[in-house]
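one predicted model, sequence on top.
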Amino acid sequence: MTVKIAVTGAAGRMGKTLIEAISVAEGCELSAALERPESSLIGADAGELAGLGKCGVLVGADIAAVVDDFDVLIDFTAPLATLANAEVCAKAGKGMVIGTTGFDAGQKAELERLIAPIAVCQASNFSTGVNLCFKLLDMAARVLGDDVDIEVYEAHHRHKVDAPSGTALSMGQVVADALGRDLDKVAVYGREGQTGARERETIGFATVRAGDIVGDHTVMFSAEGERVEITHKASSRMSFARGAVRAAAWLKSQAAGRYDMQDVLGLKAD
Ligand code: NAP
């Protein structure tokens with residue numbers, strides 16, 4: 001059965017890529033596209049917006065007006081927009097795939113409260129390769145343990161507004177969980193001046209913003225005499241979009257609950 005998908009933030013970098021990914025995904029159909037009300041692109045054909053031919057779906061401004069037209073909403077926008085969309089989807093019992101990053105602690109709690117009654121797949125990174133890396137990082141942290149210094153490096157394009165990236169934070173979280181550390185207590189976000197010697201249990205984060213870098217992440221496990229580095233480099237947003245569309249198709253038949261890309265890919269240990 002066809003999965004009817006709505007894309008919000010349709011004119012954004014990810015929005016356009018998602019529309020393209022849906023157009024080639026078997027069993028999936030774009031049934032609504034949304035942008036903020038003040039956008040000059042309201043009324044534009046979503047297919048044309050994505051550089052494809054006309055698809056007959058016009059970009060709208062009001063999610064409540066189209067909520068009966070889709071099974072799952074894919075949302076890669078901004079935290080406040082995602083919270084507003086979650087409220088509408090929860091009331092209508094519609095599933096959500098959430099890729100938006102940069103939620104603060106209060107917004108995270110509010111999102112959890114809003115989405116409690118529906119099926120939601122949220123991931124800081126929807127690429128298959130990154131999700132495989134999460135698995136490898138867990139293994140590396142358990143094997144190398146407290147004998148190494150652990151640092152997370154990430155680089156993204158100059159337009160990205162939050163730092164460190166959601167993916168870098170997830171990588172840090174995987175490592176912290178594997179080692180029984182509290183990331184909030186051991187994370188060090190950038191260093192400057194007289195920092196003193198490094199404390200072993202800290203997990204450092206370094207951020208680069210430059211040009212059109214789609215997304216690079218490296219986690220370094222460094223000991224005396226050797227180091228292991230696990231690196232992922234995204235060269236196209238299509239890797240995220242394909243994963244998000246796969247998640248939307250998977251989510252349609254799931255019960256209400258919180259899922260992530262590890263669930264979609266079957267990477268969770270039983
Ligand atoms: P972008 O190009 O700025 O796109 C965001 C889109 O959302 C824009 O079209 C923006 O419109 C729209 N938007 C913002 N507020 C809105 C609202 N209230 N109602 C409707 N539309 C609204 O950004 P992007 O690079 O596509 O990234 C979007 C988000 O996805 C970011 O949080 C990013 O970190 C995240 N992301 C996640 C993954 C992942 O795999 N999880 C991968 C890539 C990106 P305006 O331009 O008018 O503001």
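Received it, and whenever you're ready, just let me know what you need.

tell me who's in contact with the residue nearest to Phe134 when sequence neighbours are not counted.
Nearest residue to Phe134, sequence neighbours excluded (C-beta to C-beta, 6 or more residues apart in numbering): Val174, at 5.1 Å. Every C-beta, even on glycine, is put in place using the N, C-alpha and C of the backbone. Taking C-beta atoms under 8 Å, 6 or more residues apart in numbering as the criterion, Val174 is in contact with 134, 137-138, 141.

need these in TSV with distance to the ligand, pLDDT and secondary structure, can you?
Below are the contacts of Val174 laid out as TSV (distance: C-beta to the nearest ligand atom, whole Å; pLDDT from 0 to 100; DSSP: H, G, I helix; E, B strand; the rest coil):
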residue	distance to the ligand	pLDDT	secondary structure
Phe134	13	95	helix
Leu137	17	97	helix
Asp138	19	96	helix
Ala141	22	98	helix
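
around the ligand, pick out the residues from the stretch 151-270 of the chain.
Contact residues, the stretch 151-270 of the chain versus the ligand (C-beta under 6 Å from any ligand atom): Phe240.

let me see the ranges of the helices in the stretch 1-150 of the chain.
13-24, 46-49, 63-66, 79-92, 105-115, 128-144 (DSSP state H, counting those that start in this stretch).

on that earlier part again, and the contacts of Val174, which two are furthest apart?
Using C-beta to C-beta, these reach their maximum pairwise distance at Phe134 and Ala141, which is 10.8 Å.

now for the closest residue to the ligand within the chain: which residues touch it?
Distance from the ligand to each residue of the chain (C-beta to the nearest ligand atom) is smallest for Gly12, at 2.1 Å. Applying C-beta under 8 Å, 6+ apart, one finds that Gly12 lies in contact with 76-77.

how much space separates Phe126 from Ala256?
Applying C-beta to C-beta, to the nearest Å, the value for Phe126 to Ala256 is 21 Å.

more crowded one of the two?
Per other C-beta atoms under 10 Å, whichever of Phe126 and Ala256 has more neighbours is Phe126, with 29 against 13.

name the helix or strand of the protein that has the lowest mean pLDDT.
helix 261-264 (a mean of 93; mean pLDDT, DSSP states H and E).

other SSEs contacting it?
Counting contacts by 3 or more C-beta pairs under 8 Å, 6 or more residues apart in numbering; DSSP states H and E, helix 261-264 packs against strand 119-122, helix 128-144, helix 238-251.

now mean neighbour count and distance to Leu179 too, for these, in CSV please.
Output for the helices and strands packed on helix 261-264, formatted as CSV (neighbours: other C-beta atoms under 10 Å; distance: least, C-beta to C-beta, whole Å):
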stretch, mean neighbour count, distance to Leu179
strand 119-122, 25, 24
helix 128-144, 17, 5
helix 238-251, 24, 27
